[in-house]
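Novice: Below: sequence and its predicted model.
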Amino acid sequence: MPRAPRPLLQSARRRGAGFTLLELLVALVVMAIGVSGAVLAFRPDPGRQLGQEAERLALLLEQAEDESYLGGVPLAWVAREDGYEFQRRELTVDGPGWLTVRGDDLFHPRLLPALARIQEVRADGRDLGLGDRVMLGGQGIQQLAVEMTLGEATVRVERRLDGRFSFAKVAG
């Protein structure tokens, strides 16, 4: 009879030495749920991303308008489907002309995030096409509305009555 307890002790030791297959599966399922929740939480939100681009555009337009007005060098804004650029009126070999601003910390050409697009540009009550120049500063436009989209999200950047630029979410 003294031999009966030994196999029970040996099986108890084996059980305490590791995890069962069921315990490992439960741990993997819990980890998978946690990882999928983290991925969903950190997925880029098109509305937020487009809102950041709209805010950047509003601030840049306001700064360019101020610099054009106060600095005496005419600046213009040009929309492209996937981005925009600022142009400066400068003296070239062929005479005065509009040149894209390059090498400037603020007014360099910019691309919108992937799949974001400029859908509409209206200046002083008329539709402008992509590539049309919008004059900024004292002799520039009075009203401007730029509509951008990314997926289902749509935002609008507008020049307010007080001359400042603002942005608002339209849809999405």
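Specialist: Arrived safely.
Novice: all contacts plus neighbour counts: C-alpha atoms, from now on.
Specialist: Fine.
Novice: quick one: pLDDT of the residue nearest the centre of the chain?
Specialist: When Cα atoms, centre = their mean is applied to the chain, the residue found nearest the centroid is Gln49 (3.4 Å). pLDDT for Gln49: 88.
Novice: Now for it: which residues touch it?
Specialist: Neighbour list for Gln49: Pro113 [criterion: Cα atoms under 8 Å, 6 or more residues apart in numbering].
Novice: so it is in which element?
Specialist: Gln49 belongs to helix 46-71 when elements are defined using DSSP states H and E.
Novice: again with Leu22
Specialist: helix 21-41.
Novice: how far does that helix sit from the chain's center?
Specialist: Averaging C-alpha positions (Cα atoms, centre = their mean, to the nearest Å) puts helix 21-41 31 Å from its chain's average.
Novice: Extract the CA atoms of that helix and return them as PDB.
Specialist: Output of helix 21-41 as PDB, limited to C-alpha atoms (Å, rounded to 0.1, in the frame of the first residue of the first chain):
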ATOM      1  CA  LEU A  21      -3.400  23.100 -24.100                       C
ATOM      2  CA  LEU A  22      -6.700  24.600 -23.100                       C
ATOM      3  CA  GLU A  23      -5.000  27.200 -20.900                       C
ATOM      4  CA  LEU A  24      -2.600  28.200 -23.700                       C
ATOM      5  CA  LEU A  25      -5.500  28.500 -26.200                       C
ATOM      6  CA  VAL A  26      -7.400  30.800 -23.800                       C
ATOM      7  CA  ALA A  27      -4.300  33.000 -23.300                       C
ATOM      8  CA  LEU A  28      -3.800  33.200 -27.100                       C
ATOM      9  CA  VAL A  29      -7.500  34.200 -27.600                       C
ATOM     10  CA  VAL A  30      -7.300  36.900 -25.000                       C
ATOM     11  CA  MET A  31      -4.100  38.300 -26.500                       C
ATOM     12  CA  ALA A  32      -5.600  38.300 -30.000                       C
ATOM     13  CA  ILE A  33      -8.600  40.200 -28.800                       C
ATOM     14  CA  GLY A  34      -6.300  42.800 -27.100                       C
ATOM     15  CA  VAL A  35      -4.200  43.200 -30.200                       C
ATOM     16  CA  SER A  36      -7.200  43.600 -32.500                       C
ATOM     17  CA  GLY A  37      -8.700  46.200 -30.100                       C
ATOM     18  CA  ALA A  38      -5.400  48.200 -30.200                       C
ATOM     19  CA  VAL A  39      -5.200  48.000 -34.000                       C
ATOM     20  CA  LEU A  40      -8.800  49.400 -34.200                       C
ATOM     21  CA  ALA A  41      -8.000  52.100 -31.700                       C
END
